[in-house]
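*Asks:* Provide a 3D model corresponding to the input given below.
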Amino acid sequence: MSVIQELKQRLSQGSVIVDAEQCSPYECDGLSAYRQKPLAVVLPANVDEVKAALRICKAHRVPVITRGSGTGLAGGSLPLENGIVLGLSKLNKILHIDPLSRTAVLQPGVRNIQVSQAVEQYGLYYAPDPSSQVACSIGGNVAENSGGVHCLKYGLTVHNVLSITVINMDGETLIFDEKDDGLDLLALLNGSEGLLGVIVEVKVKLLPKPDTAQLVMAGFDSVSACADAVTSVLEQGILPAGLEMMDKFSIMAAEAYAKVGYPLEAEALLLCEVDGSYDQVKVDTQRIAEILKNSGATSITVSQNEAQRISLWQGRKNAFPAVGRYSPDYYCMDGTIPRRKLAYVLEEIEKLSQKYGLKVANVFHAGDGNLHPLILYDANKPGELEETEKFGAEILKLCLDVGGTITGEHGVGVEKLDSMCHQFTTPELEIFHAIKAVFDDTGLMNPGKAVPTLHRCAEVGQMHVHNNQLPFPELERF
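*Replies:* Take a look at the predicted model:
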């Protein structure tokens, strides 16, 4: 019996999709430049069906690529031709809310924004808020360790998850929580990109809604002045709930799309939000406005009510689709750098933009140095995607050169495999592979993602040798 026949026999009717047209929506995630039709798409209706599907795939040696809402931007859920896509969209129930302990137990298909909506009646909310929170799922958030515009104060997904339940290729249930002694396996599962197990349940921490929040929007006549202002705010001991930055192109695109009142004359924009008690917010808002004015802000707007605060955020949260209106395609990068290097890195990205002749929009989490440059290109023009990829690789190399890392919240997927070879040494990569083998000795869970093979890194090293471009000395050892 084939793997498809057995899956159809064991799972509920309609759970196994093999028709090429019906499989098309699953052939890529948000990184649509890479596409591949899977052998089949499996949509289990419950956890028991997840277990059955995994056992069947193990018996037939068929790879399994777990998929949430498909909003990932690094190709983490890109299918394999000989593998199945295990979609968890039907596991979308909020299983339990405990307002006293401020926790919620969720299935992986629950959308991020649904959590805060469900607990609002208790005066609570879930802090991590990716820009895609209307669509992205909690399971995907955990797999990529997502952040959001409020991660500066409240942390990434890993800081807000209390336990994770996963199923391995044997169909066994494993629970990781804060009670684990020794190794922090709970943290390990956050950002594991589907390599270590299929997430079927997540317990998250809820926070009491602050009394109030206020947003300060400041325009600057230069990107460097805006970047320096970020440091000035944090040096004063103020920890904003959110601290986001946009360049001129992003400002213009977001304003044309959302019409929220962004200053179109500004070269750069800073959005700084504080929350807490009414008295503290009032004091912090005044201090921030003064700091930004002294840092060279050419315009300052302070939200006067909740509706205006939410409206001003809408431009930032819709920046990606807004920029997409100006180009047939865009490539969203994700790297993290020390905050003190913001001005320098943004200047270097502009030089790279001129070098490649490709427009870039910069919109990012300035508070923690997590950059999201959007490279605009046209995939219909021969060779332009390849140039865009080279451009993106240079941005990631730049992040490494200043002491940063190649990803902040989008993960590695297939997009950054070669850049992983630049960031990590051979012994470090061997450790990653050893961890993978402990959790998945079959190698069937999302193979070819996140951690490159040593052979691949050797080829990347040879490529750089051939081009006389050795960005890191350790490549000589491959």
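*Asks:* Spell out the residue ranges of the strands in the stretch 1-150 of the chain.
*Replies:* 16-17, 40-42, 64-67, 84-87, 94-98, 103-106, 124-125 (DSSP state E, counting those that start in this stretch).
*Asks:* so which of these gets nearest residue 435?
*Replies:* Proximity to residue 435, assessed across the strands of the stretch 1-150 of the chain by CB to CB, is greatest for strand 64-67 (17.6 Å). Every C-beta, even on glycine, is put in place using the N, C-alpha and C of the backbone.
*Asks:* Can you give the distance from the closest one to the centre of its chain?
*Replies:* Distance of strand 64-67 from its chain centroid, counting by CA atoms, centre = their mean, to the nearest Å, is 17 Å.
*Asks:* Which other helices and strands does that strand contact?
*Replies:* helix 47-59, strand 84-87, strand 198-205 (3 or more CB pairs under 8 Å, 6 or more residues apart in numbering; DSSP states H and E).
*Asks:* Only C-alpha atoms, please: export it in PDB.
*Replies:* Written as PDB, here are the backbone C-alpha positions of strand 64-67 (Å, rounded to 0.1, in the frame of the first residue of the first chain):
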ATOM      1  CA  VAL A  64       7.100  15.800   6.500                       C
ATOM      2  CA  ILE A  65       7.000  19.600   6.200                       C
ATOM      3  CA  THR A  66       4.800  21.200   8.900                       C
ATOM      4  CA  ARG A  67       2.900  24.300   7.900                       C
END
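*Asks:* ok, back up a step: got TSV for the strands of the stretch 1-150 of the chain, with distance to residue 154 and mean pLDDT too?
*Replies:* Shown next, in TSV, are the strands of the stretch 1-150 of the chain (distance: least, CB to CB, whole Å; pLDDT from 0 to 100):
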stretch	distance to residue 154	mean pLDDT
strand 16-17	38	98
strand 40-42	35	98
strand 64-67	26	98
strand 84-87	29	98
strand 94-98	19	98
strand 103-106	15	98
strand 124-125	10	98
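*Asks:* May I see these organised as CSV, with distance to residue 366 added?
*Replies:* Output for the strands of the stretch 1-150 of the chain, formatted as CSV (distance: least, CB to CB, whole Å):
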stretch, distance to residue 366
strand 16-17, 42
strand 40-42, 39
strand 64-67, 31
strand 84-87, 35
strand 94-98, 33
strand 103-106, 30
strand 124-125, 23
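*Asks:* Save the helices and strands packed on strand 64-67 as CSV, and put in distance to residue 403 and mean neighbour count too.
*Replies:* Putting the helices and strands packed on strand 64-67 into CSV (distance: least, CB to CB, whole Å; neighbours: other CB atoms under 10 Å) gives the following:
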stretch, distance to residue 403, mean neighbour count
helix 47-59, 40, 20
strand 84-87, 37, 26
strand 198-205, 30, 23
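*Asks:* Out of the strands of the stretch 1-150 of the chain, which is closest to residue 443?
*Replies:* strand 64-67 (10.8 Å).
*Asks:* which residues touch that closest one?
*Replies:* Contacts to strand 64-67, defined as CB atoms under 8 Å, 6 or more residues apart in numbering, come from residues 26, 29, 38, 53-54, 57, 77-80, 83-88, 139, 143, 169, 194, 198-199, 444-446.
*Asks:* pLDDT weak spots in this structure?
*Replies:* Along the chain, the model assigns pLDDT under 70 to residues 180-181, 462-478.
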